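J.: here is a sequence together with a model predicted from it:
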Amino acid sequence: LLRTGILIMTNVAIVTEGLAELTKELIEKYSIVTVPYRLFFGDETFYVRNNSESELSVADFCAKLKGVTEETFPRTSVPSPGDFTTAIDKAFEQAESVIAIVLTSGMSGAFQSAKKLADELYKEKDITIFDSLHTMTGIGNQAIEAAKMAHAGKSKEEILSHLEAIRPKTRYILAMRDLDFLEKQGRLGPIQKAREKNPEVIPVIQEKEGILHPLTMFNNEQDLIERMSTFAKKICEVNETEDIFLTHINNPKAAEAIHKVLITHKREGTVIHCYEACCILGAYSGPNSISLSYVGDFESEWITNQ
């Protein structure tokens, strides 16, 4: 990484995937190398390198959704071996040791693919593929923590130990407002009955042990704002790192309300990252969603019984 004309070297370089929902500014600040993630719309392929560098904007993604069928619905794919190799080679230009933090093995073959590639092509190199057991900003949270430690001169062993410690405490809560998207993919499941009773119901899921699990349901948009805002206050109390992530797709009203709560109640030194999510999240959750990610304790009652 060039900074004021000087090449900054660290003991360890951090690699993560483009769907980690990190901005270009965060990536450059902490010298993180990202592997572009792929999004397919029919025969078209789009690359997402980070939230600031995507070949398909969220606005264009949402516009494209209006004309798709069940056969042409957007789908994602793990990074190609070539893209992963390029990223790892770049990381080894920065440091002699590399940690690649990748999408949960519970939802994707990214971890297995990256591990196989590392075993085959980098036998003589010091590289570890770390299963985040998370997606989106859940991965980003871990990558930021690892990169900060690398820049502080911590060893690879110290960074991996910290990642192991925060992995079970990494939280990712996602509310999906657009049930039509799930319905078109045949994924409503048990939510279908709730929707028949209340068409405005908003399902909420959490990442748990590497897999997405149902958490609760919001009755409508106002219920989402009120309960997520109360939850945000609790997050400010229990967050164990310097970073909290709030991202959204087509939900600026809720994001603004929750952001104000986070800013008001955050502890000194905490950074609130609030911005529009990338189109990869849209492919998972539809064109209307909002998510919170942090590292710390969690009790379902903080969001379900309010």
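T.: Received it, and whenever you're ready, just let me know what you need.
J.: which element follows the lengthiest helix in the chain toward the C-terminus?
T.: Ranked by residue count, the top helix of the chain under DSSP state H comes out as helix 221-238. Next in sequence after helix 221-238, counting helices and strands by DSSP states H and E, comes strand 243-249.
J.: re earlier: if you count neighbours, what's buried in the longest helix of the chain?
T.: Residues 221, 224, 225, 227, 228, 229, 231, 232, 234, 235, 236 are the ones in helix 221-238 that count as buried (16 or more other Cβ atoms under 10 Å). From N, CA and C alone the C-beta is placed, and that goes for glycine too.
J.: just the helices in the stretch 151-300 of the chain please.
T.: Ranges of helices within the stretch 151-300 of the chain are 156-166, 179-184, 191-197, 221-238, 252-265, 279-285, based on DSSP state H, counting those that start in this stretch.
J.: let's have those in a markdown table, adding mean pLDDT and distance to residue 91.
T.: A markdown table is the format used below for those (pLDDT from 0 to 100; distance: least, Cβ to Cβ, whole Å):
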| stretch | mean pLDDT | distance to residue 91 |
| --- | --- | --- |
| helix 156-166 | 98 | 12 |
| helix 179-184 | 58 | 35 |
| helix 191-197 | 63 | 41 |
| helix 221-238 | 96 | 31 |
| helix 252-265 | 97 | 32 |
| helix 279-285 | 85 | 22 |
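J.: could those helices go into JSON lines alongside distance to residue 173?
T.: Converted to JSON lines, the helices of the stretch 151-300 of the chain look like this (distance: least, Cβ to Cβ, whole Å):
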{"stretch": "helix 156-166", "distance to residue 173": "16"}
{"stretch": "helix 179-184", "distance to residue 173": "17"}
{"stretch": "helix 191-197", "distance to residue 173": "16"}
{"stretch": "helix 221-238", "distance to residue 173": "8"}
{"stretch": "helix 252-265", "distance to residue 173": "11"}
{"stretch": "helix 279-285", "distance to residue 173": "12"}
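J.: mind checking which of these is nearest residue 68?
T.: helix 179-184 (8.1 Å; Cβ to Cβ).
J.: and stretch 26-41, which residues are buried?
T.: 26-27, 29-39, 41.
J.: now, those that are in strands?
T.: Counting by DSSP state E, the buried residues of stretch 26-41 place 33, 34, 35, 37, 38, 39, 41 in strands.
J.: now residue 127: how far from residue 121?
T.: Residue 127 sits 9 Å away from residue 121, taking Cβ to Cβ, to the nearest Å as the criterion.
J.: having no further points to raise, I will conclude here.
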